[in-house]
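Undergrad: Build me a structure from this.
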Amino acid sequence: MIKKIGFFTALTILVGTMVGIGIFFKNNSISTIVKGNGIAWLISWILGAIIAIFTALSYVEISTAKPKEKSGGLSYWASIFSGKKLAYLTRFNLAFFYYPIFVVVLGIFASQIFFQFLNLIAPNRFENISVWIHVIFGISISMIYFILNKISIWIAGIHQNIVTILKFIPLFVAIIVGLIFANTNNIGGSNAFNQGAFDFSRALFAIPSVLFTLDAFLIVATITHKVKGGEKTVTKVVLIGMVFVSIIYILVTIASILHNSGTVEKLIQNSLAIGFSNGIAIFVNFFIFISALGVINGMFTGFIGETENSTYSFTWFGSKILTKKFGPKKAMSFFYLFSYSFWSLIIFIPAITLNSDSIIETISNFPTLFFFLVYGLVIFFYAIKRHKTTETKKINSVLFYFISIFSMIGIVVAIFSQFIVLIIDASTLPNIEGAFGTIGIKLTNLQLMITTIIFIILFFLLPYINFLLIKYFEENLQKKSTIKTTKMDKSKKTLQENF
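TA: Down below sits the predicted model:
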């Protein structure tokens, strides 16, 4: 019998996965997008947080649809409210696109942060670490957390409790010192509320960057059957977790704007005396590494849960045959290995060849970007069928339609603004570096657009290929096996009758 986790552990899995490494750095890119204007900077965070919270609130009602089988979560809600095609696309891509890409790239980010931390302790001894070293170290970290989650979701939950508490220490320090010493700037900071011209369109363009830090709010839905109280507990976890994280992020952002600091490290350094500078850097980087471990742990919880769901529902090509021949556990083991290896090869081969982490950073944005569109589509189809459906427990209709419409509009604006900026940059400044990276060359705007197009194609093409393989190979093989078995049974019956 599986030892189930309680409300607090489920909450820390959610919060621990959402509060990743993004909040420590993301204000840097947001500040650049809004051209340093503090008002647009803050508005982008407020709008992004409202969109994310309203999306989560919409799912508070949607998530009351109780699954009849073990498999639940986003793909189940898509199946009952959005139709088979979107449900299949969602189920396949959650298991083969969203979680596998994250568990592959997050190990690399953790490795980079770890070596950066070591370099602060022993300067110049851990500089210029090649990508292949980060790949080996990152895979090792990932495997540790895969094993931990396979051994026990309860143990993984306890780990997440500890890590989640620890990762908030530098964030609370940043909020407190940043707001108390708002007029103190020791390393060239300034009040960004007084800088630049306000441009609302820039605030809209920055929303996708905000949403990247607020993703993963549905991760606990993949393990509903492992949570005490099931969907009732999960609903509370999603709502409370989203509101709490959004408030913390906005407070960090206000402090960052007051010091015009794009990272938590610079924010604290600006607020405190210069003599503490190196100590602050070591302190912050240690907790960023801890934060990265928490995200990896939470993502592996989702990765394992969604792979199990897809295996039990025979979503994967070959899952029926493997399950029948070797049992579900061995079938799952094959799909864990296959999905992780598939994306590792696609991501790591160019990264190691070019000795550049820019491709890794770029690809890490796609799961969130694509799945916010899925979140919006499920809400859209549910809103249309809401008055007819009996599967959910309804909240106030006016409230639901208000938050769901705002959520859908916000998601559409955020996604389209991302692509508009991408197209404009690629057409006007094709050879300018457009992707973030700390090692080697960076992708240009044109390369960034080409990479995005390739992954959009993969997002839709891979599930279609899987569907065709099941339809024209697996089903035919099963039919032949059934015919063969029937013929053998008839032959046995004839022999028995003759005998």
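
Undergrad: what ranges do the helices span in the stretch 301-450 of the chain?
TA: Under the criterion DSSP state H, counting those that start in this stretch, helices of the stretch 301-450 of the chain are mapped to 319-326, 328-354, 358-363, 366-385, 397-428, 445-469.

Undergrad: what's the closest of these to Thr17?
TA: When the helices of the stretch 301-450 of the chain are compared by Cβ to Cβ, helix 366-385 sits nearest Thr17, at 12.1 Å. Where C-beta positions appear, they are placed from N, C-alpha and C, glycine not excepted.

Undergrad: Remind me what the closest one packs against, helices and strands.
TA: Helix 366-385 is packed against helix 38-62, helix 74-81, helix 84-93, helix 99-121, helix 200-213, helix 397-428, helix 445-469, with contacts defined by 3 or more Cβ pairs under 8 Å, 6 or more residues apart in numbering; DSSP states H and E.

Undergrad: wait, Ile352 sits on Val131?
TA: Yes - using Cβ atoms under 8 Å as the test, Ile352 is close enough to Val131 to be in contact (5.3 Å).

Undergrad: Between these two, point out the one with more neighbours.
TA: Neighbours were tallied for Ile352 and for Val131 using other Cβ atoms under 10 Å; the higher tally belongs to Val131 (24 against 15).

Undergrad: OK, contacts around the more buried one?
TA: Ala351, Ile352, Asn355, Ser356, Asp357, Ile439, Gly440 (Cβ atoms under 8 Å, 6 or more residues apart in numbering).

Undergrad: Leaving out chain neighbours, which residue sits closest to the second one?
TA: Put plainly, it is Ile352. Take Ile352 and drop its neighbours on the chain: the residue closest to it by Cβ to Cβ, 6 or more residues apart in numbering is Trp132, 4.9 Å away.

Undergrad: I'd like to know how many residues surround the one you found.
TA: By other Cβ under 10 Å, neighbour count at Trp132 equals 13.

Undergrad: now Ile23
TA: Neighbour tally, Ile23, other Cβ under 10 Å: 25.

Undergrad: So it sits against Tyr249, correct?
TA: Yes - at 5.8 Å, Ile23 and Tyr249 qualify as touching, with contact defined as Cβ under 8 Å.

Undergrad: who touches both of those two?
TA: Thr213.

Undergrad: thinking again about what came up before, what would the helices of the stretch 301-450 of the chain look like in a markdown table with mean pLDDT?
TA: What follows is these, written out as a markdown table (pLDDT from 0 to 100):
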| stretch | mean pLDDT |
| --- | --- |
| helix 319-326 | 87 |
| helix 328-354 | 92 |
| helix 358-363 | 87 |
| helix 366-385 | 92 |
| helix 397-428 | 88 |
| helix 445-469 | 92 |
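
Undergrad: Same list, those, but as TSV with distance to Ser209 please.
TA: Formatted as TSV, those follow (distance: least, Cβ to Cβ, whole Å):
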stretch	distance to Ser209
helix 319-326	37
helix 328-354	21
helix 358-363	13
helix 366-385	10
helix 397-428	9
helix 445-469	14
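
Undergrad: Of these, which stretch is the most buried?
TA: helix 358-363 (a mean of 24; mean count of other Cβ atoms under 10 Å).

Undergrad: follow-up on the earlier one: pick the one among the contacts of Val131 closest to Gly241.
TA: The closest of the contacts of Val131, once distances to Gly241 are taken by Cβ to Cβ, is Asp357, at 29.9 Å.

Undergrad: Can you tell me the closest non-neighbouring residue to that closest one?
TA: Leaving aside its chain neighbours, Asp357 sits nearest to Ile439 (4.5 Å; criterion: Cβ to Cβ, 6+ apart).

Undergrad: about what we covered before: right, so of the helices of the stretch 301-450 of the chain, which gets closest to Trp154?
TA: Distance to Trp154, taken as Cβ to Cβ, is lowest for helix 328-354 among the helices of the stretch 301-450 of the chain, at 18.7 Å.

Undergrad: just checking, what packs against that closest one?
TA: helix 99-121, helix 131-151, helix 277-312, helix 319-326, helix 358-363.
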